[in-house]
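Novice: predicted model and sequence below, questions to follow.
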Amino acid sequence: MKKSNYDKYPEIRVEGHACVAGWENIGQEISQRAADATKQKMVVVVECYHGVEIEEVILGLAQTLQPVAILRASTAFKSERQIDELVEEYVTDDPVFGYMAPLHLTDFQDAQKLETARTEIQQALQGVLLVVGTGASLIAPEADLLIYADMPRWEIQLRFRRNKVGNLGVANEAESFSYLYKRAFFVDWRVCDRHKKTLMAKWDYVLDTTQPDVPKLITGAALHDALQHTLTRPFRVVPFFDPGPWGGQWLKDVCDLDRSEQNFAWGFDCVPEENSLLYRFGENVLEIPSLDLVFSHPKELLGEEVFEAFGDEFPIRFDFLDTMEGGNLSLQVHPLTEYIQEKFGMPYTQDESYYMLDAKDDAFVYLGMKEDVVPERMIHELEAAQTQGQYFEAENHVEKWPIKKHDHVLIPAGTVHCSGANSVVLEISATPYIFTFKLWDWGRMGLDGKPRPISLEHGKNVIQWDRTTQWTQENILNKVEPVGQGDGWREERTGLHEGSFIETRRHWFTKEVPHHTQGIVNVLNLIEGTEAIVESPTQAFEPFIIHYAETFIVPASVGAYSIRPHGEGMGKECATLKAYVRTPPDFNAKYSFNQN
Ligand SMILES: O=P(O)(O)OC[C@H]1O[C@](O)(CO)[C@@H](O)[C@@H]1O
């Protein structure tokens, strides 16, 4: 077996700043800063993102800071009953989907309790007052020191699975993962993000407690420089991997994952909403959510036009779906734009594509309807599968297509689809990824031994029945078109469907290929070849090495860059797949998904 060169922990090195590690050192750093202030009374606020273990932070800091009083931000929260009532309409009864909550952190706080907490702070005369938790900065808006304890969403999900954290303002950590995730996705994370954005420019320190026993701290100035540095160069976010009922064995080898796991289904290597960034300061590495970069510098990262259209949201997602020696994904469909907006409050929909990174000879996808499909009959059989346990014969209704390595399958929302066993998909899609209406799950159980939720009612409302065999072949299956060439390279347009806002270009190359962001964020993956190097024609950034299957982001602000084979990749043809947001005149449909 070939040795993997996929980097699971991509770091960005930052010079000129330090990162303090360990509670004692962190406490000393803060005490030092507090002592410098020559004040009798110091209010130290640790504002926490959802998922941070508050007691761990208090325990860690109190030893060195020796505060005269510790206030937990939760004391200013409404009662759990009031909070449950507040969020109910956004959590909804649907087992999977809720509605994006327009709430703010202040909606979770009780005016009277907030006043009591503020009075306590005002009345203290001397010493350090430590205010910790989500909403701490609203209790003490005039803090002497503002520390922000952040938390990447992937880590929050792992904490949900261990029943370590519950939802915002309630002690419900014993709830099922699916409930905790749904409520966090539609409510808690929206609320915390809104609050975070109001504070980012004021952070004195950033605290990373992703690894509970190894807390890290940097100054706000260090974070500022780290984020600025990231905008000048290509970079990668930290990928994460997860098993699933249809998962395969390919990611284990290619990405060097734990061989003892039963399988890995997903590899999320560019979902900036949930991934994190690793910053190396000397010997210590700090982890922060990649969303912090999107929120703080959306225009430089995404580009002016993309920012205008999407606001501070990263609109492109790359992930892997590994079914090598695994099974079929659920037969599924995604909501149309109007549907996702109306039912779930999402600004844009889950338009997808499957780039076939690898495939065995018998690989296939289900895509589009059969020419003679009878909608009522198919729905009737899906319902019978659901209620009476009958096996649904997908091939009687849905077209099944053989596929091979490097095919690109375009999946505009509303198209019934799924990838089959024995392939590896690089999904290049719009960012939303939980809005999957499962129609049929092949009669199998989820990893927890229970059937996974089927969303047939939603599915029925969005299936595009006229996307039958001929339409599928003509419009969404492998629409590859040569668009350019140069010395040692050629460029092809491969997707996405004309109704989607994402454009994809494939470059095959044995020599250097010139690229330019044209003021729009680029996301790329090395889909063929062992290793390549990304360089700046003006040496504006350090050469950046990429390996097979690694996804990387080139900020809009980078401008010109080039890619050529490197190291073990030399002497063979390499290929990259690049995605970016279409702008007029390529994309004529009007879109404005900016919810800012
Ligand atoms: O619902 P399944 O079978 O897990 O499908 C795979 C999932 O991966 C996605 O393609 C997103 O990565 C979703 O559309 C879908 O939920």
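Specialist: Cool, the structure landed. Quick caveat, the model's predicted, so the values are computed rather than measured.
Novice: beta partners for F77?
Specialist: Beta-bridge pairing for F77 (DSSP bridges): Q109.
Novice: correct me if wrong: it contacts Q109.
Specialist: Yes - the criterion here is CB atoms under 8 Å, and F77 meets it with Q109 at 6.1 Å. C-beta: built from backbone N, CA, C; applies to glycine.
Novice: any residues in contact with both of those two?
Specialist: G135 (CB atoms under 8 Å, 6 or more residues apart in numbering).
Novice: can you give me phi and psi for D322?
Specialist: phi -100, psi 110 (degrees, to the nearest 10).
Novice: correct me if wrong: it contacts P243.
Specialist: No - using CB under 8 Å, D322 is not in contact with P243, being 9.9 Å away.
Novice: which one's more surrounded, these two?
Specialist: D322 (30 against 19; other CB atoms under 10 Å).
Novice: helices and strands around the one helix or strand in the chain whose mean pLDDT sits lowest, which ones?
Specialist: Scoring the helices and strands of the chain by mean pLDDT, DSSP states H and E places helix 23-36 at the bottom, with a mean of 89. If you count contacts as 3 or more CB pairs under 8 Å, 6 or more residues apart in numbering; DSSP states H and E, helix 23-36 packs onto strand 41-48, helix 54-65, strand 145-150, strand 205-208, strand 216-219.
Novice: give me that answer again for 7 Å
Specialist: strand 41-48, helix 54-65, strand 145-150 (3 or more CB pairs under 7 Å, 6 or more residues apart in numbering; DSSP states H and E).
Novice: dump the ones you listed into a markdown table; add distance to V271 and mean neighbour count as well.
Specialist: Below are these laid out as a markdown table (distance: least, CB to CB, whole Å; neighbours: other CB atoms under 10 Å):
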| stretch | distance to V271 | mean neighbour count |
| --- | --- | --- |
| strand 41-48 | 23 | 25 |
| helix 54-65 | 27 | 17 |
| strand 145-150 | 17 | 23 |
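Novice: ok, which of those comes nearest Q485?
Specialist: For the helices and strands packed on helix 23-36, the distance to Q485 is smallest for strand 145-150, at 45.2 Å, taking CB to CB.
Novice: pull out the buried positions in stretch 272-285.
Specialist: Using 16 or more other CB atoms under 10 Å as the test for burial, stretch 272-285 gives 272-279, 281, 284-285.
Novice: can you give me the pLDDT of the closest residue in space to Y6 that isn't next to it in sequence?
Specialist: In this structure, Y6 finds its nearest non-sequential neighbour in C255, 4.5 Å apart by CB to CB, 6 or more residues apart in numbering. Reported pLDDT at C255 in the predicted model: 98.
Novice: also T583?
Specialist: On the pLDDT scale, T583 is placed at 84.
Novice: contact partners for it?
Specialist: Residues in contact with T583 (CB atoms under 7 Å, 6 or more residues apart in numbering) are 305, 520.
Novice: which stretches of the stretch 151-300 of the chain have low pLDDT?
Specialist: Along the stretch 151-300 of the chain, no part satisfies pLDDT under 70.
Novice: what of the chain?
Specialist: Within the chain, the ranges that satisfy pLDDT under 70 run 1-2, 36-38, 584-596.
Novice: who in it is up against the ligand?
Specialist: 244, 246, 319, 321, 329-330, 332, 427, 433, 436, 438 (CB under 6 Å from any ligand atom).
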